[in-house]
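pasted the sequence and its predicted model underneath.
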Amino acid sequence: MSALNSTPPVEIPDLEEQTMDRAKESFYTATQFQLMWLKFRRHKLAIIGMFVLALFLIAMLFAEFLAPYGSQSRDADYLFGKPQSIHFFDDDGNFRGMFVYSVISQFNIDTMQVDLVEDRSEIRPVNFFAKGEPYKMWGLIKGDLHLFHVEDAFIHLFGTDSLGRDVYSRVIFGTRTSLSIGFIGVIISFILGLAIGGVSGYFGGLIDDIVQRMIEFIRSIPTLPLWMSLAAILPKEWSPLRVYFAVTVLLGFLSWTTLARRVRGKLISMREEDFVFAARIAGSSDARIIWRHMIPAFLSYIIVDLTVSFPAMILGETTLSFIGLGLREPVVSWGVLLQASQNIKAIEQHPWLFFPAIFVVISVLAFSLVGDGMRDAADPYSH
Amino acid sequence: MAKYALRRFITMVVMLVALSLIVFVILELPPGDFAERYVHDLRQSGAQVTYGQVEYYRHMLGLDRPWPERYLNWATNIVTRFDFGWSLTYRLPVTKVIGDRIWFTIILSVVTIGASYLIAIPLGIYSAIKQYSTGDYLLTILGYLGMATPAFLFALLLLYVSTMYFGTSVGGLYSLEFQNAPWSWNKFIDLMRHIWPAVIVLGTSGAASTLRTMRATMLDEKNQLYVTVARAKGVPENKLIQKYPVRAALNPIVSTIGWELATIVSGSPITATVLSLPDIGPIFLKSLTNQDIYLSGTILLIYSCLTIVGTFVSDILLAMLDPRIRYGGIE
Amino acid sequence: MNENDLIEIKNLRVSFPLDEGTVQALDGIDLSIPKGKVIGIVGESGCGKSITARSILQIIPPPGKIDQGEILLRTKLGSMNDDEHIIDLAKLKPDSDLLRQIRWGEISMVFQEPMTSFSAYHSLGDQIMEALLMHKDVSKEEARQAAIEMLDRVGIPNAAVRLNQFPHEFSGGMRQRAMIGMALICNPSMLIADEPTTSLDVTIQAQMLDLMKDLRRDFGSSIMFITHNLGVIAQIADEVSIMYLGKIVEQGTTMDIFHDQKHPYTSSLVEAIPKISDARKKRLTTIRGSVPSPFERPSGCPFHNRCPKMMPGVCDVKVPTPIDFGNGHKAACLLYE
Ligand SMILES: Nc1ncnc2c1ncn2[C@@H]1O[C@H](COP(=O)(O)OP(=O)(O)O)[C@@H](O)[C@H]1O
Ligand SMILES: [Mg+2]
């Protein structure tokens, strides 16, 4: 023992370090996105959210096909009509495929009012992939094929509004508008955040200081009142389309700060990080370092931030339009549709006008679930 | 620490001044002004109005002065006489229009945040301790739903449910005898009895996110080495959870209280409108659509002030509650 | 259980049931710790050293669990008539009173990461006194005095003031000193030191080792000293156990391990220590191959795929059992069967 005690305390090959190196190697052979996907897949809720978002995306892309009617087409005989029931069996209990009954007006002696009732004498089958109202897909491609259509009658799954417009079709078109605002807004804040955060983090010094103070300042103005004020000063005579773009830009402009901070923080911290240092020692060029190492390392964070900012955009649009400061007819968005159910009376009498709310909640929910799943997956230290 | 607080305070004041300017400019931006709008409304109602009358109103209301001058006037009056200007829609001083409503807004927000912490924090702790239990899953779902439902939709839903199934409207906030009574303790108690639907609506999303944050930080802290050390020291499990992870997880939540309060206040205008609460939200909306800029400007300023002051309070709380900042250097 | 032994671990098996499969972290550990001796545990990272230590206190991170085995402790705690008796720690409930008394009262532990061993929100004094107040019948003031003395003892200057400070005000080395102080404050019969110097820089490491040697002399506790660094072991341990993939492959006195190794794994570890004489001439010898993935344990002898003396058809088939070379020197290698 005493002999050993005099063993000089020399550097011992650190066994731990050898295993670490190997771990790192295999870590970098699987690309970061593969790893993220593996981790993401474990979140069942996030997967469900992803699936729902895919459905929304389809609705957004193929609105004209999925909606049986145009967003402004009216059914003058069916104002404030209830959602129609879908039937499979006729009154005698025979299976007749999927069908609806047509609706007729009937004078009700007791209430002295005209009631809309099903005419049960004639069956109107629901035809899938059938020709119906002609449309121009995205205003470009002519077509008249619809997912479903009823000949010689109408089908209003979610009922109709005060003008007899099909709520279901309008919700589908609203999906396109509301999500597109989200997408464009997110792209705007992505570009601004990347550029401003990048400049701030890259140059540092005075520019960084100024940008940081500016961001702090913008963040100190509460979002909703600011949105409301800015939306309120949009000139009244602007066309609905122009208002649509203005609102989109507005929402995009106000949410870039989070991303800018993230990009700046990452840039600053990564300048000092081991793998960047190692790459530099190994003689990599700056550009190569940035592309091969730095960008992949924080791209995941950026994607997460963008996903998380989606719901805020959708809610922003919905809120503004709901109170009449945002989009206007004939542009339809979820918020515009919800204007019809602004007070309790409206909802009491025509609860189906509240359908768009479900879409708002589900889309926000789906984005949050996916965002959370991605946040977990992007974090290399989370379990 | 004191130095830090002072520096933060000065920043806050500078921000407030800059903010008042920005607010004024934003509201000045649109072409047209109140005079035009007023005359336009008169015309709509059938009155004969000449162009000269627009000019007359404009001059009378001082709208023909250049905006820097009007801003300076406005700002000076605020500082020296606490006079925020004249509301052109209500034909009253802005302070009168806002009057009691601001107190209502503050009471509502404080009660809301209190209630939401009281409910969300224990539930968050429970959820973290019983991770993956049925209760945890249920709370997770509720949490996500709470965060995903915009408050104004929730308000509509609550209105609908209460009228459909309980036959009462939740709109009324005071019993008859207090309707127009001045503020008193009894009126306050009465208000508390009727305020809960508004509290639920305004508090849900905040409570949901508090719950999620509490759960996440608890789970994070629970697996920290210092908790294992405490366990190895023989500290009983209950005591251990309270002393270590709960303490650590409360820190970010308690210290963001100022910020949270501001979020509730500034997030409330739409909900307040839907529920027709006597809060500053509905008049904010109205003043915006009417281009009643002194009124809307003042309210926007109030919202922003609350956010800035809230952030200030949160920063100070954070510094006080976290020993690393309290005794260490900041930055 | 031997008269002189404080702890005897018998056939301890610990596993982690994970989504990807089950990790057998400990695959039948037999180990005894005599009273007042320093036992070194050596092995590459991931071989199960920390899990062995944590099993004793039942603080294995979830979802890890003890599947099998006994952890016998000779103690006076929990005995009716204040006599020494033997308790199986593996059988105690994690939140039972007796186990809580044993934690820190009989066995305390110093962890690898001093930076995260203390809560940032409580003063160091609070956390050290907590240990004492939990186990000894003392007043707050007495606990304070004891804590000051202890900090002083482990080499923290100005202890009375430092006691009220928070962890972030201490360097890593100072925190580890405080941690050692906290571990000794209840005068335990055994101290587990799980790589206490690994995360510190080299000069501090040497100071820390000196401190441990001093304390060992003064307190007379048994010490279970865990490290992946054989050079450190040589300076402090009486006996050494070499671990590989959740098994102890060789154990014996420090002398035996350094000069008369039986297991090829031990030999490669010892060869991997650079000698001053040949530092300039040779590259460092490292052990070839890598530790297998924890999900795929090799058949037969766990070391066979990296072993220079591997005997095909034998080592990859048969599981070796420990062979006694006398005087407590054992090795589990098929070369000797
Ligand atoms: N928290 C955990 N979750 C899953 N597996 C674990 C965990 N901790 C340890 N293990 C497994 O137990 C084995 C032994 O770990 P450990 O005792 O910490 O090794 P070391 O010898 O480095 O202290 C590791 O290889 C790992 O597979
Ligand atoms: Mg370890």
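Nice, I can see it. Ligands and ions are numbered 1, 2, ... in the order given.

look up how far residue B:243 lies from the closest residue to residue C:170 other than its chain neighbours.
Excluding the flanking residues, the one nearest residue C:170 by CB to CB, 6 or more residues apart in numbering or on different chains is residue C:178, at 6.6 Å. For the C-beta atoms, the positions are set from N, CA and C on the backbone; glycine is no exception. As judged by CB to CB, to the nearest Å, residue C:178 and residue B:243 stand 18 Å apart.

look at these two and report which has more neighbours.
A count of neighbours by other CB atoms under 10 Å in any protein chain shown puts residue C:178 above the other of residue C:178 and residue B:243, at 29 against 19.

which residues of the stretch 1-150 of chain B lie near chain C?
With the criterion set to CB under 8 Å from any CB of the partner chain, the stretch 1-150 of chain B never comes near chain C.

make it 10 Å
residue B:131 (CB under 10 Å from any CB of the partner chain).

in the helix or strand harbouring residue A:172, what's buried?
Here residue A:172, judged by DSSP states H and E, is contained in helix A:167-203. For helix A:167-203, a neighbour-count test (16 or more other CB atoms under 10 Å in any protein chain shown) marks A:167-179, A:181-186, A:188-190, A:192-194, A:196-197, A:199-201 as buried.

and residue C:252, that's in a strand?
Yes: per DSSP: H, G, I helix; E, B strand; the rest coil, residue C:252 lies within a strand segment.

so what does the nearest residue to it once chain neighbours are set aside have for phi and psi?
Leaving aside its chain neighbours, residue C:252 sits nearest to residue C:329 (3.5 Å; criterion: CB to CB, 6+ apart). The phi and psi values for residue C:329, taken as degrees, to the nearest 10, are phi -80, psi 120.

who's in contact with residue C:329?
C:239, C:250, C:251, C:252, C:253, C:255, C:256, C:257, C:260, C:261, C:262, C:323 (CB atoms under 10 Å, 6 or more residues apart in numbering or on different chains).

cool, and residue C:77?
C:84, C:85, C:87, C:97, C:98, C:99, C:101, C:102, C:105, C:106, C:135, C:189.

between those residues, which is closest to residue B:213?
residue C:99 (33.3 Å; CB to CB).

burial measure for that closest one, as a count.
Neighbours of residue C:99 (other CB under 10 Å): 19.

show me the two of the contacts of residue C:329 that sit farthest apart.
The distance between the two most remote of the contacts of residue C:329 (CB to CB) is 18.4 Å, for C:255 and C:323.

anything in stretch A:325-342 near chain B?
Yes: Stretch A:325-342 is in contact with chain B by CB under 10 Å from any CB, via A:325, A:335, A:338, A:341, A:342.

dihedrals phi and psi, the closest residue to the last one other than its chain neighbours?
If the residues on either side of it in the chain are set aside, residue A:342 comes closest to residue A:322, at 7.1 Å by CB to CB, 6+ apart. Residue A:322 has phi and psi values of phi -60, psi -40 when expressed as degrees, to the nearest 10.

just to revisit the earlier point, quick one: pLDDT of the residue nearest to residue C:170?
pLDDT, residue C:178: 94.

measure residue A:258 to residue A:266 for me?
13 Å.

please read the previous query as pertaining to residue C:215.
Note on residue C:215: its distance to residue A:266, by CB to CB, is 44 Å.

for the residue nearest to residue C:170, helix, strand, or coil?
helix.

give me the domain ranges for the chain.
This is for chain A. A:65-165, A:170-378 (automatic domain parsing).

wait, chain C was what I had in mind.
What automatic domain parsing lists as the domains of chain C is C:5-106+C:188-282, C:118-186.

okay, residue B:170: pLDDT?
Residue B:170 is given a pLDDT of 55.

before we move on, back to that, which residues touch the residue nearest to residue A:342?
A:333-339, A:341-342, A:356-357, A:360, B:150, B:152-153, B:156, B:270, B:273-274.

buried set for the host helix or strand of residue B:192?
Using DSSP H and E, residue B:192 sits in helix B:185-194. Going by neighbour count (16+ other CB under 10 Å), the buried part of helix B:185-194 is B:187, B:190, B:191.

over to stretch C:130-138?
Using 16+ other CB under 10 Å as the test for burial, stretch C:130-138 gives C:130, C:131, C:132, C:134, C:135.

contacting residues around it?
By CB under 10 Å, 6+ apart, stretch C:130-138 touches B:229-230, B:232-236, B:239, B:243, C:77, C:100-106, C:108, C:122, C:129, C:139-140, C:142-147, C:150, C:181-188.

ok, residue C:151 touching residue C:128?
Yes: counting by CB atoms under 10 Å, residue C:128 is a contact partner of residue C:151 at 7.6 Å.

identify the contacts common to the two.
With CB under 10 Å, 6+ apart as the test, residue C:151 and residue C:128 both reach C:163, C:178, C:181, C:182, C:185.

secondary structure and distance to ligand 1 added to the residues you listed, as JSON lines?
Listed next are those as JSON lines, based on DSSP: H, G, I helix; E, B strand; the rest coil; distance: CB to the nearest ligand atom, whole Å:
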{"residue": "C:163", "secondary structure": "coil", "distance to ligand 1": "31"}
{"residue": "C:178", "secondary structure": "helix", "distance to ligand 1": "22"}
{"residue": "C:181", "secondary structure": "helix", "distance to ligand 1": "23"}
{"residue": "C:182", "secondary structure": "helix", "distance to ligand 1": "21"}
{"residue": "C:185", "secondary structure": "coil", "distance to ligand 1": "25"}
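
going through these, which ones are buried?
Here, 16+ other CB under 10 Å leaves C:163, C:178, C:181, C:182, C:185 buried among these.

looking at the stretch 1-150 of chain B, what residue ends up closest to ligand 1?
Of all residues in the stretch 1-150 of chain B, residue B:131 sits closest to ligand 1, at 15.1 Å by CB to the nearest ligand atom.

wait, doesn't that residue sit right on residue B:215?
Yes: between residue B:131 and residue B:215 there is a contact at 8.2 Å, judged by CB under 10 Å.

find residues that contact each of those two.
residue B:140.

more neighbours: which of those two?
Applying other CB under 10 Å to residue B:131 and residue B:215 shows that residue B:215 carries more neighbours, namely 24 against 14.
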